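S.K.: Sequence and predicted structure, then a few things I'm wondering about:
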2 protein chains.
Amino acid sequence: MTRKPRLDAAGNRRRIVAVARAAFAEEGLDLPMREIAHRAGLGVATVYRHFPTRTELVTAALAEHVAACRADMRAALDERDAWHALSGTIRRFAEHQVRDRGLNEALFGSHAAAAAFAEDRRAHARGLEQLVDRARRAGAVRAEVTADDVRVGLMAIASFRALRPERAASSTRRLVDLLLAGLSAQRR
Amino acid sequence: MTRKPRLDAAGNRRRIVAVARAAFAEEGLDLPMREIAHRAGLGVATVYRHFPTRTELVTAALAEHVAACRADMRAALDERDAWHALSGTIRRFAEHQVRDRGLNEALFGSHAAAAAFAEDRRAHARGLEQLVDRARRAGAVRAEVTADDVRVGLMAIASFRALRPERAASSTRRLVDLLLAGLSAQRR
């Protein structure tokens, strides 16, 4: 008995997306298409039939995660406590940073294959500005803190991705606590 | 009239050390010996005659700078104001970081060619522990701050070396201010 080609095609597509999602999270968006095909147990021609360009594969692999980040930012903007909204966003960024390299290249870098997420990147930057303004007006961060300070802090957090994984998690946690203490108007 | 070979040799040695110092500062300790010979306008055989191994060249090129760092740390340990001693050391680290990549690989990394500075590295680490302990006892840093927090901060500062130079200086300054605010027990 042979399986229907249509079902095979849909199954292959799902498998490629799942493999790409895990691979991009671990190794970033530059991973060769050939390597993704290999891990999915498929020929590279099959991968290219479903996703003629890397941009299409990246878009499919990260769509859900990027949507979740968008929802997180909307929730933060709706939050009542301005400090909790800002610090929660920074902590979530750090968690993603440790876990998902591809997502961060898509939302914060300038990777060509993440072109589909350009508007998400801009929206995230605008959201961050609003969170900082609100926290400053509420007296939750020091009066001189700007969105640039927060961006510099996020860059520093992002750099810890290069550490060995067992060290990255604990060092990132320490760095986040130190940066939040530096932003805060109060000793918490 | 021919110059005395002895004088040539001494002049060549000085020239190699000066070129290596500038090159290591800019590009780190991995720069090929061949490239250093080229920049000094000498054959690579001449460089190897003076410095048979990279370790010997690195040691000669960085000796003065490392001695200056050692003196800085001694001065910090003798300083009366515990906060000024610690924050000054962190600020000096950041300045070196932006300016001298080789020096930082020698003092804070584990580059094989910096073997001669292993004791300086340990002395610097011990000095930093003392500065943090003293600042905590003086109530200058938050009670929960440890040398690990400072080390994580220094790592974050060091990561900004990878930025484009025009961006590195201003971002590093912002990050240092943010980290010092995070360490400090007072709002400064």
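M.R.: Yep, that arrived. Numbers count the residues shown, from 1 in each chain, chains lettered A, B, ... in the order given.

S.K.: Are the lowest-mean-pLDDT helix or strand in chain A and chain B in contact anywhere?
M.R.: Confidence across the helices and strands of chain A bottoms out at helix A:101-108, with a mean of 82, counting by mean pLDDT, DSSP states H and E. No. Judged by CB under 8 Å from any CB of the partner chain, helix A:101-108 and chain B are separated, with a smallest distance of 14.1 Å. For every residue, glycine as well, the C-beta is placed using N, CA and C.

S.K.: List the buried residues in the one helix or strand A:Gly182 maps to.
M.R.: Taking DSSP states H and E as the definition, one finds A:Gly182 inside helix A:165-183. Of the residues in helix A:165-183, A:168, A:171-183 count as buried by neighbour count, 16 or more other CB atoms under 10 Å in any protein chain shown.

S.K.: Give me the distance from it to the chain's centre.
M.R.: 17 Å (CA atoms, centre = their mean, to the nearest Å).

S.K.: can you pull out the helices in chain A?
M.R.: Per DSSP state H, chain A carries helices over the ranges A:5-27, A:33-40, A:44-50, A:54-78, A:82-99, A:101-108, A:118-137, A:147-159, A:165-183.

S.K.: tell me how far the longest one is from the chain's mean position?
M.R.: Relative to its parent chain, helix A:54-78 has a centroid offset of 8 Å by CA atoms, centre = their mean.

S.K.: again, but for the first one
M.R.: Taking the mean of its C-alpha atoms, helix A:5-27 sits 19 Å from the chain's own mean (CA atoms, centre = their mean).

S.K.: same question, the third one
M.R.: Here helix A:44-50 is found 26 Å from its chain centre; the criterion is CA atoms, centre = their mean.

S.K.: got the CA positions of that helix in PDB?
M.R.: Provided in PDB are the C-alpha atoms of helix A:44-50 (Å, rounded to 0.1, in the frame of the first residue of the first chain):
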ATOM      1  CA  VAL A  44      17.900  19.000  -0.300                       C
ATOM      2  CA  ALA A  45      15.700  19.200  -3.500                       C
ATOM      3  CA  THR A  46      12.700  18.400  -1.400                       C
ATOM      4  CA  VAL A  47      13.500  21.200   1.000                       C
ATOM      5  CA  TYR A  48      13.900  23.600  -1.900                       C
ATOM      6  CA  ARG A  49      10.600  22.400  -3.500                       C
ATOM      7  CA  HIS A  50       8.700  23.500  -0.300                       C
END
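
S.K.: From the contact counts, what lies against it?
M.R.: In terms of contacts (3 or more CB pairs under 8 Å, 6 or more residues apart in numbering or on different chains; DSSP states H and E), helix A:44-50 is packed against helix A:5-27, helix A:33-40.

S.K.: what's the answer for the fourth one, then?
M.R.: With contacts defined as 3+ CB pairs under 8 Å, 6+ apart, the secondary structure elements packing on helix A:54-78 are helix A:5-27, helix A:33-40, helix A:82-99, helix A:101-108, helix A:118-137.

S.K.: which of those helices is buried the deepest?
M.R.: Ranked by mean neighbour count, the helices and strands packed on helix A:54-78 are led by helix A:101-108 with a mean of 23 (mean count of other CB atoms under 10 Å in any protein chain shown).

S.K.: So which elements touch that one?
M.R.: So helix A:101-108, by 3+ CB pairs under 8 Å, 6+ apart, packs with helix A:5-27, helix A:54-78, helix A:82-99, helix A:118-137, helix A:147-159.
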